[in-house]
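1. predicted coordinates and the sequence they were generated for:
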Amino acid sequence: MKSAKGFTLIELLVVMVIIALLVGLLMPALGSAKDYARTIECMSNLRQLGMAMIMYRSDNGGYYCPAAADSYWGGANLLRWHGERKSATYDHNKSQDYAFKPQNGMLFGYLAKRQLELLRCPNFYNYRKAGQIEWTSYWGTTDTAPESGAGAYGYNDTYIGGTHYVSGYDAASYQKPVRETDLCDPVNTIVFADTALAVQAGGQQYLTEYSFVQPPYYLGDDGMGRYVPQPMWGLATPSMHFRHSGGQRCNVLWGDDHVSSIRWGFTNPINIYGGNDLDYRIGWPGQPGNDFFKAY
């Protein structure tokens, strides 16, 4: 009679080692594929925001929508491009009044299915840490950001959604955005981008949503009534979040309505909120300057 022949222990171990090696070789590729898929989804979201803005401009004489029309000193501070809230003062018992609701946002009616909540960058949540401070957002989660509800995308409020470079930070500069024809170099002017804000609270670091994309330098009066970048004041708090391609790239919607990925350039390592921007990959592209943001 023939005896049944099985695997020896050595053969089994060899097979297991080979499988482990194959898994080890495939895992980085699978991780890269997932990151690429999330990047494509994010770029699609920005394209949808771009299409919504095109339709908004068509209905409003070519003007972009205001980024934060009532956020000037003394204003109600209830309106954003992505939503509206009932109260600018946080009350734990009325947290829903503090959160921005997208149904009242200026772009909401122009979005596919009118659901701004679908436009949320998937890679943002890979960078967030557990244990957020309790700011209850519209989505029923906890968040440290008063700007929750923008899907971790920010709008160029300094030069596009506002005209701070014309009249500083008065009420008119918040209420009057630019027109499409005002952009002198739309191909290289940021309109929307991946954003986030790094903050420190209670001795811990947090990553939060932020609905504006800030240029590197604040604007100040040059003595002739023009508001220009002021490098001598130091770098502002960055909000462009380089969360794609291993923290090297940030997705951007440009003034000519195309979407692309832009490479990391520099940062302000510790911002005014005590957040570590370098660790969270928050910064700006290129070299120090407001060139990627300027409308004129």
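-> Arrived safely. Numbers count the residues shown, from 1 in each chain.
2. which residues touch the residue nearest the centre of the chain?
-> Closest to where the C-alpha atoms of the chain average out (CA atoms, centre = their mean) is residue 195, at 2.0 Å. Contact analysis of residue 195 by CB atoms under 8 Å, 6 or more residues apart in numbering lists 150, 152-154, 209-213, 239-241. C-beta here means a position set from N, CA and C on the backbone, and glycine is covered the same way.
3. same question for residue 286.
-> Counting by CB under 8 Å, 6+ apart, residue 286 has contacts 265, 292.
4. before we move on, back to that, residue 120: which of the contacts of residue 195 is nearest?
-> residue 152 (6.5 Å; CB to CB).
5. about what we covered before: adding pLDDT, write the contacts of residue 195 out as a markdown table.
-> Shown next, in a markdown table, are the contacts of residue 195 (pLDDT from 0 to 100):
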| residue | pLDDT |
| --- | --- |
| 150 | 84 |
| 152 | 88 |
| 153 | 93 |
| 154 | 95 |
| 209 | 83 |
| 210 | 88 |
| 211 | 92 |
| 212 | 95 |
| 213 | 96 |
| 239 | 96 |
| 240 | 97 |
| 241 | 96 |
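6. so where's the protein uncertain?
-> 1-7, 23, 25-32, 92, 95, 112-118, 127-146 (pLDDT under 70).
7. helices or strands up against the top helix by length along it?
-> Once the chain is assigned using DSSP state H, the helix that runs over the most residues is helix 9-59. Other helices and strands packing on helix 9-59, by 3 or more CB pairs under 8 Å, 6 or more residues apart in numbering; DSSP states H and E, are strand 153-155, strand 190-194, strand 249-254, strand 259-266.
8. what angle do strand 249-254 and that helix make with each other?
-> For helix 9-59 against strand 249-254, the angle by axes from the mean of the first three to the mean of the last three CA atoms, to 10 degrees is 20 degrees.
9. what segments of the protein are strands?
-> 79-80, 83-84, 153-155, 190-194, 197-201, 204-208, 219-221, 227-229, 240-241, 249-254, 259-266, 282-285 (DSSP state E).
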